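Peer 1: Test case, fold it:
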Amino acid sequence: MSSQGVTVVALLADPDAPTEIAQRMARILPARLADKSGQVRRFDVEVVSEPFTSGTEDLPTLMRRIMERGRAENWDIVVALTDLPLHSHGHKLVVDLSHEHGLALLSLPSLGGLRLQTRARRAVEEAVLGLASWQASGAEGPQQPLLGSFAGRLTPIHPGPVGEEETADLRYVVSGLRGSLWVLVGMVRANRPWRLVPGLSKALAAALATGAVATVNSTVWNLAEALSAPRLVIATVGSVALMIGWLIVDAQLWHRSAEGSPEARQRARLYNASTVVTVGIGVLVCYVGLMVISWAWALFILNDRVFASMTRTPLHATEYWTLSWFVASIATVGGALGSGLESDEAIRAAAYSKREQERRHMLQDDQDDELVT
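Peer 2: Numbers count the residues shown, from 1 in each chain. Sure thing, here's the model as predicted:
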């Protein structure tokens, strides 16, 4: 403990989203910690942004890195935050705690995708208060933090096994199908799928150009009028699936595990599921945007008499809606072809968080080294 009743808490955060979360919570954390501790001590909180997970996902290695970083700076308590999903003994890690060394490692995806800022803040508060209480009392055994305030009754978080040689002395994990879905939602949120559309400028340009041309094509008008709603739905599903598949295959986003263990295969399935959902959400956002733009373009450019002479159907609101729906499907296919002009790096940068990009770079380098040797 620091002197004069002050506990120095460091939030060691991976770059990008974890750092943003840490910076937001650091503004209110000192006051909340002081209130919850009964005003016995004062807490100073500082945020340090650095890629402490670079090159490894091994929990003992990460905990040793955090411990060494804390010793170098003389911090009382270090809470590390990462947006990488971490695993231990077949379970997905939520938080690792070492009361002896005043350390905590929090994996943000395991907190789910909803109210992440609040859940992360409460998890950090409980970890810090538990570690500070143990340090103040000098107890020999770890004092378990209360999980109810950040986990809740409906979340699948529970205590997990800890090896005798590990730095951590208390661990919370999620497991089973509910746990996998919980982490999957958190991984997708960490990837920020809404960034996919502006990140694929060439594909978006190709889609917009295709949609603009298709909107003024009389053949497209007749096809849109002839197609029934079920066929329009099929066109939507087909074009979206084509775009998703093309992006994943062309940019080599599919994860193939070099290990044959069940745990490695489980991790690969989780990573691939997050990729499909992330890209899928991004493509759906793109599709809706193309539909709105096509509708606006049709309102501006189409002439009702020309349209009626070519299709023998008056140009009403229903025709605008049907045409923009069909054009969005055509434009999405054009965007899939245009995505081939994007570099693999640009697609990965649009689809993944910084930590996930680095993890995949590391795996690719390892595979290249194996091929060389």
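Peer 1: Would you map the helices across the stretch 1-150 of the chain?
Peer 2: 17-26, 29-36, 59-73, 116-137, 148-151 (DSSP state H, counting those that start in this stretch).
Peer 1: Those: which one's closest to residue 267?
Peer 2: helix 59-73 (13.6 Å; CB to CB). Heads up, the C-betas are built off the backbone N, CA and C, glycines and all.
Peer 1: buried residues in that closest one?
Peer 2: 59, 62-63, 65-67, 69-70 (16 or more other CB atoms under 10 Å).
Peer 1: Present these as TSV; the columns should include distance to residue 231 and pLDDT.
Peer 2: Compiled in TSV, the buried residues of helix 59-73 are given as follows (distance: CB to CB, whole Å; pLDDT from 0 to 100):
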residue	distance to residue 231	pLDDT
59	52	87
62	52	92
63	56	92
65	56	92
66	56	93
67	61	92
69	59	92
70	62	90
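Peer 1: TSV please, covering those residues and showing distance to residue 204.
Peer 2: Converted to TSV, the buried residues of helix 59-73 look like this (distance: CB to CB, whole Å):
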residue	distance to residue 204
59	40
62	38
63	43
65	40
66	41
67	46
69	41
70	45
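Peer 1: List just the nearest of the residues you listed to residue 213.
Peer 2: residue 62 (52.2 Å).
Peer 1: So the closest one sits against residue 54, correct?
Peer 2: No - the criterion here is CB atoms under 8 Å, and residue 62 misses it with residue 54 at 10.3 Å.
Peer 1: Tell me, how many residues neighbour residue 294?
Peer 2: When counting by other CB atoms under 10 Å, one arrives at 25 neighbours for residue 294.
Peer 1: Show the model's pLDDT score for it.
Peer 2: Residue 294 carries a pLDDT value of 94.
Peer 1: any idea how far the helix or strand hosting it is from the chain center?
Peer 2: Assigned by DSSP states H and E, residue 294 falls within helix 262-301. Mean C-alpha position of helix 262-301 versus that of the full chain (CA atoms, centre = their mean, to the nearest Å) differs by 14 Å.
Peer 1: just for the stretch 251-373 of the chain, where's the confidence low?
Peer 2: 257-261, 341-373 (pLDDT under 70).
Peer 1: go again using 90 as the cut-off
Peer 2: 251-272, 274-275, 278-279, 282, 303-305, 307-309, 311-316, 334-373 (pLDDT under 90).
Peer 1: Now distance to residue 89 too, for the helices of the stretch 1-150 of the chain, in CSV please.
Peer 2: Putting the helices of the stretch 1-150 of the chain into CSV (distance: least, CB to CB, whole Å) gives the following:
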stretch, distance to residue 89
helix 17-26, 24
helix 29-36, 31
helix 59-73, 10
helix 116-137, 20
helix 148-151, 19
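Peer 1: Compare those helices and report which one is nearest to residue 217.
Peer 2: Closest among the helices of the stretch 1-150 of the chain, using CB to CB: helix 17-26, at 42.7 Å.
Peer 1: I'd like to check the angle between that closest one and helix 116-137, please.
Peer 2: 70 degrees (axes from the mean of the first three to the mean of the last three CA atoms, to 10 degrees).
Peer 1: just checking, what packs against helix 17-26?
Peer 2: strand 6-13, strand 42-49, strand 77-82, helix 116-137 (3 or more CB pairs under 8 Å, 6 or more residues apart in numbering; DSSP states H and E).
Peer 1: which of the ones you listed sits most buried?
Peer 2: strand 77-82 (a mean of 26; mean count of other CB atoms under 10 Å).
Peer 1: what's the angle between that one and helix 17-26?
Peer 2: Using the same axes, to 10 degrees: strand 77-82 against helix 17-26 is 140 degrees.
Peer 1: check contacts around the nearest residue to residue 21 once chain neighbours are set aside.
Peer 2: Closest residue to residue 21 apart from its sequence neighbours, by CB to CB, 6 or more residues apart in numbering: residue 120 at 5.4 Å. Neighbouring residues of residue 120 by CB atoms under 8 Å, 6 or more residues apart in numbering: 21, 25, 81, 106, 108, 111, 150.
Peer 1: Okay, and the beta partners of the fourth one?
Peer 2: Applying DSSP bridges to residue 106 yields these beta-bridge partners: residue 81, residue 95.
Peer 1: That one and residue 182: what is the separation?
Peer 2: 15 Å (CB to CB, to the nearest Å).
Peer 1: With neighbour numbers in mind, choose between those two.
Peer 2: residue 106 (26 against 23).
Peer 1: Isn't that one up against residue 123?
Peer 2: Yes - using CB under 8 Å, residue 106 is in contact with residue 123, at 5.8 Å.
Peer 1: Name the residues contacting each of those two.
Peer 2: 94-95.
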